[in-house]
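1. Sequence isn't available, so here's the structure alone:
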């Protein structure tokens, strides 16, 4: 028995096969008060404040509900989701992050703290499926490296507690799940040209956008048996008929299902998202995020033509 345990101890540790979420400390926990100290003085004052508050658990942040529910897919001896802290915080402040996670029962064991340096480069060895951060430059770097990433809006509403047994995630379509091909037509030629473009290509699947790999990973996770948690997804798009058909056919071509689809034809998304009650919403346009943030947790995907 001891020999077998020794062999197991020497086996390499791997996150292969798991959905890996990398998240900044400020996206997971509410460090807005501490961040004001950092911006008003320096990192040492911030570090001292975090040290003074070491025994005080930070309040849940914007992405807390998403992380908490995804971790519920793990069962003993069968890890399916790994959450890693990837933070510009200093290592001393990192102690409070881990203690806060432990306080809420979040089984988070891994973290990288870079004291002001960009941590995005560590996404590659993690093979992360998602990166959530409040730092726009880090998010843009992650997207450029092919990692689904979003800038969390710290002022977003917190997730509803009305669906404790469902992870609810809402996605925009163009430049998020899909490429920005159609969005480029709309931006350069207007709505009528966009509708004609999409009508003529209804049977031609759109190219993947930056978040297709995440949606695929979520669908795979959904097919894994879990005792107490399900995934419910929604496509929330400014498209309307007849442009809806290409979006639906693209998802069918990918063998990906979404539970709800909202083709809003330019209506503000916020109130519809309020009714869906997602744990997180991803969109490439800041206007949509600003409209959604008072209602739901939201993050900006800095991809596609509208983001340069």
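-> Thanks, I have the structure now. Predicted, not measured: the structure shown is a model, and the values here were computed from it. Numbering: from 1, shown residues only.
2. Within the sheet, what are the partner strands of the helix or strand that contains residue 168, with directions?
-> Taking DSSP states H and E as the criterion, residue 168 maps to strand 166-171. Sheet pairing of strand 166-171 (DSSP bridges) gives strand 230-237 (parallel), strand 280-283 (parallel).
3. mind putting those strands in CSV, mean neighbour count, mean pLDDT and distance to residue 246 included?
-> All C-beta atoms are positioned from the backbone trio N, CA, C, and that covers glycine. Shown next, in CSV, are the strands paired with strand 166-171 (neighbours: other C-beta atoms under 10 Å; pLDDT from 0 to 100; distance: least, C-beta to C-beta, whole Å):
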stretch, mean neighbour count, mean pLDDT, distance to residue 246
strand 230-237, 20, 97, 11
strand 280-283, 27, 98, 19
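4. CSV for those strands, including distance to residue 12?
-> Formatted as CSV, the strands paired with strand 166-171 follow (distance: least, C-beta to C-beta, whole Å):
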stretch, distance to residue 12
strand 230-237, 30
strand 280-283, 32
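5. what's around residue 157, how many residues?
-> As a burial measure, residue 157 scores 17 neighbours (other C-beta atoms under 10 Å).
6. check contacts around it.
-> 293-297 (C-beta atoms under 8 Å, 6 or more residues apart in numbering).
7. ok, back up a step: mind checking which of the strands paired with strand 166-171 is nearest residue 128?
-> strand 280-283 (15.2 Å; C-beta to C-beta).
8. and the closest one, how far out from the chain's middle?
-> 7 Å (C-alpha atoms, centre = their mean, to the nearest Å).
9. Quick check: next helix or strand after that strand?
-> Counting by DSSP H and E, what follows strand 280-283 is helix 286-292.
10. which residues touch the helix or strand just after that next one?
-> Of the helices and strands lying after helix 286-292 in sequence (DSSP H and E), the nearest is strand 298-300. The contact list for strand 298-300 (C-beta under 8 Å, 6+ apart) reads 62-63, 132, 136, 139, 150-153, 156, 280-284, 286, 289, 292.
11. Tell me which helix or strand residue 48 sits in.
-> Per DSSP H and E, residue 48 falls inside helix 43-52.
12. that older thread, could you single out the nearest of the contacts of residue 157 to residue 237?
-> Of all these, residue 296 has the smallest distance to residue 237: 15.8 Å, by C-beta to C-beta.
13. residues in contact with that closest one?
-> Listed by C-beta under 8 Å, 6+ apart, the contact set of residue 296 reads 156-157, 159-160, 170, 270, 273-274, 276-278, 280-281.
14. Need the buried ones from those selected in ChimeraX.
-> Buried residues within the contacts of residue 296, by 16 or more other C-beta atoms under 10 Å, are selected in ChimeraX with:
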select :156,157,159,160,170,270,273,276,277,278,280,281
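15. if you look at the contacts of residue 296, which of them are in helices?
-> In this view, the contacts of residue 296 that belong to helices under DSSP state H are 270, 273-274, 276.
16. In CSV: these, plus distance to residue 36.
-> Listed next are those as CSV, based on distance: C-beta to C-beta, whole Å:
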residue, distance to residue 36
270, 27
273, 28
274, 28
276, 32
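17. Can I get the residues you listed in a markdown table including pLDDT and distance to residue 110?
-> Below are the ones in helices among the contacts of residue 296 laid out as a markdown table (pLDDT from 0 to 100; distance: C-beta to C-beta, whole Å):
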| residue | pLDDT | distance to residue 110 |
| --- | --- | --- |
| 270 | 98 | 35 |
| 273 | 98 | 31 |
| 274 | 98 | 34 |
| 276 | 98 | 32 |
